[in-house]
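Student: Predicted coordinates and the sequence they were generated for:
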Amino acid sequence: MTRLNDNLRGHLAMLCFSALIAGSFSLGSRSASFIDPGALNAARFALAAAITGSMALATRAKWKGAYQAPWRFAVLGLLLALYFVLMFEGLKTAAPVSAASVFTLTPLMAAGFGWLLMRQRMTGRMAFALVLGGIGALWVIFRADWQALLAFNVGRGEFIYFWGCAAHALYTPMIRYLNRGEPAIVFTFAIMSAGCLILTGWSWPAIAATDWTSLPAIVWITLVYVAVFASGVTFLLLQYASMRLPAAKVMAYTYLTPSWVLLWELALARTVPPLMVLIGMGITLVALWLLLEDSAAKVSPSKP
């Protein structure tokens, strides 16, 4: 029963994760052209590190083990830095829903990385659910227009963001692979701090050249949102779920992202999706139900 409850909590965490992460696409597309992606994300990681560090101190989290093998946090921080910088670079030219379509490629990549690192295997039911979720996501992405699907051409922004998604897919199993028992909040703080140092060193010329006082309001709104909700909160949710679910199941929730993005666009731009698009949302929900019911995945506890 405890194992079942842990699995359900992991799925609930990823449901919240998918909703929060979708906001990055809608807000990011509206602010990407006003600031260098490296400068924005350096500030984002710094703010997220401050928040998670304060939470760790306030909750008196145990820091034991957090200083062991600090290279682990550099690896994870680099993967996240690559993902976010390439995401905002891609959003300069890619539409939010189009970028979300690229994000739905991460479950299969995560499944491959999960097998390589942890020997996590997919059951036939899980594989079917992943494919079904992909179909539902494509239905939503192209708004039930198969002619649009057949005419799909990968743009520069989508191509750039694809490599960021590959880094994100690798990050998911690496959490479990490199974790040595640190509390989630401490582990997240260490990753955010490492990512901040990496991005600050990498993007210092852009940071120094940015006129921070004259940035439009949408940039600050985006910065606060991605730092608090799409960084601190979602990373806690992702780590929590990754310690309870196989990588393929964790990343399967990305299939919900296009649906969430459409809702974000509805709220921000008052754009109403066609009724047929709701069919795709229903398909993704069926796929997630199949994943929720599947409990036969085997996970190796191997550690480095």
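Tutor: Noted; the coordinates are in hand. Predicted model, so just to flag it, every value in this text is computed and none were measured.

Student: C-alpha from now on. contacts and neighbour counts both.
Tutor: Fine.

Student: ok, Ile160 to Ala167 distance?
Tutor: Distance of Ile160 to Ala167, given as Cα to Cα, to the nearest Å: 12 Å.

Student: Quick check, central residue of the protein?
Tutor: Most central in the chain under Cα atoms, centre = their mean is Ile21, positioned 6.0 Å from the mean C-alpha point.

Student: For the chain, which segments count as helices?
Tutor: 2-31, 37-58, 71-90, 96-103, 106-118, 124-141, 146-150, 156-178, 184-209, 217-227, 234-242, 247-252, 257-269, 277-293 (DSSP state H).

Student: Mind checking the pLDDT average for the third one?
Tutor: When pLDDT is averaged along helix 71-90, the result is 92.

Student: Buried residues, it. List them.
Tutor: If you call a residue buried by 16 or more other Cα atoms under 10 Å, then helix 71-90 has these buried ones: 72-90.

Student: roughly how far apart are the residue nearest to the centre of the chain and Ala208?
Tutor: Distance from Ile21 to Ala208, counting by Cα to Cα: 28 Å.

Student: Help me confirm that Ile198 comes into contact with Leu78.
Tutor: Yes. Judged on Cα atoms under 8 Å, Ile198 makes contact with Leu78 at a distance of 6.9 Å.

Student: Isn't Val277 up against Trp139?
Tutor: Yes. Using Cα under 8 Å, Val277 makes contact with Trp139 at a distance of 6.7 Å.

Student: The two: which is more packed in?
Tutor: Trp139 (24 against 21; other Cα atoms under 10 Å).

Student: does that one really touch Gly280, like I thought?
Tutor: Yes. Trp139 sits in contact with Gly280 when judged by Cα under 8 Å, with a separation of 5.0 Å.

Student: For Leu245, grab phi and psi.
Tutor: Per-residue torsions, Leu245: phi -130, psi 150 (degrees, to the nearest 10).

Student: can you list the weak-confidence ranges in the stretch 151-300 of the chain?
Tutor: The model of the stretch 151-300 of the chain has pLDDT under 70 over residues 151-154, 232, 247-248, 251, 270-275, 291-300.

Student: hang on, I meant the stretch 1-150 of the chain
Tutor: Counting by pLDDT under 70, the ranges of the stretch 1-150 of the chain that qualify are 1-4, 61-67, 118-122, 137, 140-150.

Student: State the distance from Gly133 to Trp115.
Tutor: From Gly133 across to Trp115, the span is 20 Å (Cα to Cα).

Student: more neighbours, these two?
Tutor: The residue with more neighbours, out of Gly133 and Trp115 and counting by other Cα under 10 Å, is Gly133; that gives 30 against 19.

Student: which ones are touching the more buried one?
Tutor: 252, 255, 283-288 (Cα atoms under 8 Å, 6 or more residues apart in numbering).

Student: which pair in these spans the largest distance?
Tutor: By the measure Cα to Cα, Ala252 and Ile283 form the most distant pair in those, at 13.0 Å.

Student: Looking at the two, which one has more neighbours?
Tutor: When Ala252 and Ile283 are compared for neighbours, Ala252 comes out ahead with 29 against 22, by other Cα under 10 Å.

Student: Disregarding residues adjacent in the polypeptide, which is nearest to the more buried one?
Tutor: What sits nearest to Ala252 in space, not counting adjacent residues and going by Cα to Cα, 6 or more residues apart in numbering, is Pro107, at 5.1 Å.

Student: same check, this time on Ala39
Tutor: Residue nearest to Ala39 in three dimensions, not counting chain neighbours: Ile207, with 4.9 Å by Cα to Cα, 6+ apart.

Student: Count the residues that sit near Gly211.
Tutor: Not quite, residue 211 is Asp, not Gly. Close neighbours of Asp211, defined as other Cα under 10 Å, add up to 10.
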